[in-house]
Structures are given as structure tokens and as C-alpha cells.
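**Q** please work out how this folds:
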Amino acid sequence: QVQLVESGGGLVQAGGSLRLSCAASGRTFSSYAMGWFRQAPGKEREFVSAISRGGVITDYGDPVKGRFTISRDDAKNTVYLQMNSLKPEDTAVYYCAARHGTYSTTANEYNYWGQGTQVTVSS
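**A** Model (predicted):
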């Protein structure tokens with residue numbers, strides 16, 4: 001089992017940047033594929049990005065391609081989401097998730113979730 005804690009959210013102006021971090025407990029972090037999802041008020045949870053075990057494969061949702069970058073540091077049990085050129089429509093609660101095996105873009109295929117961190121982008 002793994003516990004996930006997100007940090008790095010906040011209020012930023014449009015065009016700005018934030019870096020989210022997700023720290024995981026446990027000794028087997030490297031065995032998990034990791035994902036980031038977001039949920040805005042009144043909307044369904046949306047895939048943002050995912051990274052495979054070992055960081056070989058990364059994937060992004062269309063709204064964030066070219067602006068966001070996912071990475072992981074297995075020595076620190078942490079996954080990151082660098083968010084650049086932020087837009088007001090990026091405003092949401094961002095969640096980190098983990099799953100055994102291959103990465104996925106589907107939320108219900110993830111086994112473990114953090115509590116989320118709020119990102120607000122002002123226009």
C-alpha cells in the first residue's frame with residue numbers, strides 16, 4: 001500500500017507556472033505507475049498526465065500537451081508536474097494517483113489517491 005501527499009498548488013496569474021509534487025510513502029514507489037488528474041467544480045475528473053515505472057513513457061491529456069511536464073524521482077519517492085503557461089481553465093483540484101503495472105489514462109484504474117491540491121489561475 002502507498003500513501004500519497006500532494007503539494008505545490010496555489011494561486012497564479014495566467015501565463016505563470018507552478019510545480020506540483022506528490023510524495024509517496026513506502027519502499028516500493030518505483031514499482032508504481034503514477035498519474036495526475038484534475039477536477040474542476042461541476043466537472044468530471046480529467047486525465048492530466050501519467051508516467052510509467054522507470055519514467056520511460058509519459059503521456060498527457062490534450063489540454064495540457066506542450067505546457068505540462070511530468071517526471072519522477074524514485075530515490076525521493078516523488079512525482080512532479082511542472083505546469084507552464086497556465087490558463088484560467090487549468091483551475092482545478094489536482095490529484096496524484098498510483099497503480100501497479102503499466103500506466104493508465106483512466107482514473108478508475110488507479111488504486112491509490114492523494115487528497116488533492118488546489119490550483120487557481122486568475123485571468
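
**Q** ok, Glu6 touching Gly114?
**A** Yes - Glu6 is in contact with Gly114 according to C-beta atoms under 8 Å; the separation is 4.6 Å. For the C-beta atoms, the positions are set from N, CA and C on the backbone; glycine is no exception.

**Q** shared neighbours, the two?
**A** Listed as contacting both Glu6 and Gly114 by C-beta atoms under 8 Å, 6 or more residues apart in numbering are Cys22, Tyr95, Cys96.

**Q** can you tell me which residues contact the second one?
**A** When the contact criterion is C-beta under 8 Å, 6+ apart, the partners of Tyr95 are Glu6, Trp36, Phe37, Arg38, Gln39, Arg45, Trp113, Gly114, Gln115, Gly116.

**Q** likewise the last one?
**A** Cys96 makes contacts with Leu4, Glu6, Leu20, Cys22, Met34, Gly35, Trp36, Val79, Trp113, Gly114, as judged by C-beta under 8 Å, 6+ apart.

**Q** now the strands for the protein?
**A** 4-7, 10-13, 18-24, 32-39, 46-51, 58-60, 68-73, 78-83, 92-100, 112-113, 117-122 (DSSP state E).

**Q** having no further points to raise, I will conclude here.
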